[in-house]
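**Q** Structure of the sequence below:
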Amino acid sequence: MIEILTRAVFWLFVILTVGSAVVVVFSKRIIYSAFALLFTFFGVAGLYLFLAADFLAASQVLIYVGGILTLIIFGVFLTAKIYQMDIPQQTHQRYLALLPVIGMAAVLIYALYTADWNVAQTDPQPTTKRLGILLLTTYLVPFEVASVLLLAALIGAMRLARPRSKQEEFAEDYDAD
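**A** Residues are numbered from 1 along each chain as shown. A predicted model of the protein is given here:
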């Protein structure tokens, strides 16, 4: 009974991911595409859980759903009138594009049926504990260097994005003379 429920939930995540990805690609309104992308990211996170990649699933939700998708939606809402705009679908070489799609589908189907799918017989262990230990022991210095570089990039982006005051403009004009 548990195996049947597990398969049903797996196929639910597959249908959610593929279905919402199709909506992302073929929707004429950008806001519908953005919200469909939300469900695509959640579906991918669920599939990561089935692969026993709990850290990747949590990262998917935190980074893509919590960060990137939020920025996309805010960008859409803050751009004037774009949420009402229809994006024209101008596909000129649609039939020519089917050739690589059919070729890639054939390669994937061939790989699916000819691959030796070894299944581990042991219960998967959580990966977050091992990753945390590695980040705070072996890879501590690169982890800290990356955090300092990201902080510097954040401060630089804030400096570039902030509006200039009249005093700064005057000082810049005075220095040019």
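
**Q** Can you read off the pLDDT for residue 103?
**A** On pLDDT, residue 103 comes in at 95.

**Q** do the one 5 residues further on as well
**A** What the model reports for residue 108 is a pLDDT of 93.

**Q** my read is it is in a helix, agree?
**A** Yes. Counting by DSSP: H, G, I helix; E, B strand; the rest coil, residue 108 is found in a helix.

**Q** Tell me how far it lies from residue 102.
**A** Counting by Cβ to Cβ, to the nearest Å, the separation of residue 108 from residue 102 is 11 Å. Glycine gets a C-beta too; all of them are placed from N, C-alpha and C.

**Q** okay but residue 126 is in contact with residue 54, surely?
**A** Yes. Between residue 126 and residue 54 there is a contact at 5.6 Å, judged by Cβ atoms under 8 Å.

**Q** Show me the shaky parts of the protein.
**A** Along the chain, the model assigns pLDDT under 70 to residues 80-91, 120-121, 164-177.

**Q** center of it - which residue?
**A** By Cα atoms, centre = their mean, the chain has its centre lying nearest to residue 64, at 4.3 Å.

**Q** Isn't that residue up against residue 41?
**A** Yes. Counting by Cβ under 8 Å, residue 41 is a contact partner of residue 64 at 4.6 Å.

**Q** If you count neighbours, what's buried in the helix ranked longest in the chain?
**A** If you go by DSSP state H, the chain has its longest helix at helix 2-26. Buried residues in helix 2-26, counted by 16 or more other Cβ atoms under 10 Å: 13, 16-17, 20-21, 23-24.

**Q** Mind checking what helix or strand follows that helix in sequence?
**A** Next helix or strand after helix 2-26 toward the C-terminus (DSSP states H and E): helix 30-50.
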